[in-house]
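K.L.:
Return atomic coordinates for the entry below.
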Amino acid sequence: SGSACSPFPRSLGANKPDFSEKNMQICSWRDLIFAAVRHVADGDVPPKAVADLSKRLVGASTSLSTSELVDAVWSVAVCIGVPNTEPARERLGLFVRALSSAGTVLPQTFHKLLDEELLDLTGFINAHMFTKRMTKINTDQVYRQHKYNLLHEETEGYSKVKTLFGWQRRIQNVLA
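P.N.:
Residues are numbered from 1 along each chain as shown. Just a heads-up that it's a prediction; the model follows:
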């Protein structure tokens, strides 16, 4: 199911998507890069070779952008996210490292778009420290109580309201 030019597999196996050539159609540069990244994860192609190809395609006058390249990496990482695929994730991590060292994609771009497990495999971050830091930031933003000292607050507004009510009562007493 899906469009005729979808780079995603048409059928899913029990444990792994079926990426055989009969289930894939290449219709654009994006589809070609997706297929190449998929072959890197499967171990059919060395990561450095696809990284060099990607650098030439991004630098050439093709319509391929670095964001589409990172999207392809993310898509393949999601597709291979099933259990017992650690070698495929490691190969994908090597590919991300090769893209970064070749200067094709900045590490900051990967930091924004990839999950912490894949970033840990590339060596960009320490997943344990990252998770610990994110938990601390989340706790600070959501659960930390901010203290307010009402005695040090500006009292000008309160005195004006009190004076206004006092004058209003005096006027009502005079009119009554």
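K.L.:
Against residue 100, how distant is residue 55?
P.N.:
11 Å (C-beta to C-beta, to the nearest Å). Backbone N, C-alpha and C define where each C-beta goes, glycine included.
K.L.:
no no, residue 138
P.N.:
27 Å.
K.L.:
With neighbour numbers in mind, choose between these two.
P.N.:
residue 100 (19 against 10; other C-beta atoms under 10 Å).
K.L.:
which secondary structure element contains the more buried one?
P.N.:
In the assignment (DSSP states H and E), residue 100 maps to helix 86-102.
K.L.:
quick check: mean pLDDT across that helix?
P.N.:
Here helix 86-102 scores 86 as its mean pLDDT.
K.L.:
What helices and strands are in contact with the worst-scoring helix or strand of the chain on mean pLDDT?
P.N.:
Ranking every helix and strand in the chain by mean pLDDT, DSSP states H and E puts helix 156-175 at the bottom, with a mean of 76. Contact here means 3 or more C-beta pairs under 8 Å, 6 or more residues apart in numbering; DSSP states H and E; on that basis helix 156-175 packs against no helix or strand.
K.L.:
Can you give the distance of it from its chain's centre?
P.N.:
Distance, stretch centre to chain centre, for helix 156-175: 57 Å (C-alpha atoms, centre = their mean, to the nearest Å).
K.L.:
try stretch 124-142
P.N.:
Stretch 124-142 has its C-alpha centroid displaced from the chain centroid by 15 Å (C-alpha atoms, centre = their mean).
K.L.:
Tell me where this structure has helices.
P.N.:
Assignment of helices within the chain using DSSP state H yields the ranges 29-42, 47-59, 66-79, 86-102, 107-113, 116-122, 127-142, 156-175.
K.L.:
list the buried ones in the last one?
P.N.:
Burial within helix 156-175, assessed by neighbour count using 16 or more other C-beta atoms under 10 Å, is assigned to no residue.
K.L.:
Likewise for the second one?
P.N.:
For helix 47-59, the buried set under the neighbour-count rule, 16+ other C-beta under 10 Å, comprises 47-48, 50-51, 54-55, 57-58.
K.L.:
That helix vs helix 86-102, what angle?
P.N.:
For helix 47-59 against helix 86-102, the angle by axes from the mean of the first three to the mean of the last three C-alpha atoms, to 10 degrees is 50 degrees.
K.L.:
who's in contact with helix 47-59?
P.N.:
Helix 47-59 is contacted from outside by 29, 33, 36-37, 39-40, 64-66, 69, 91, 94-95, 97-99, 102-104, using C-beta atoms under 8 Å, 6 or more residues apart in numbering.
K.L.:
Great, nothing more from me.
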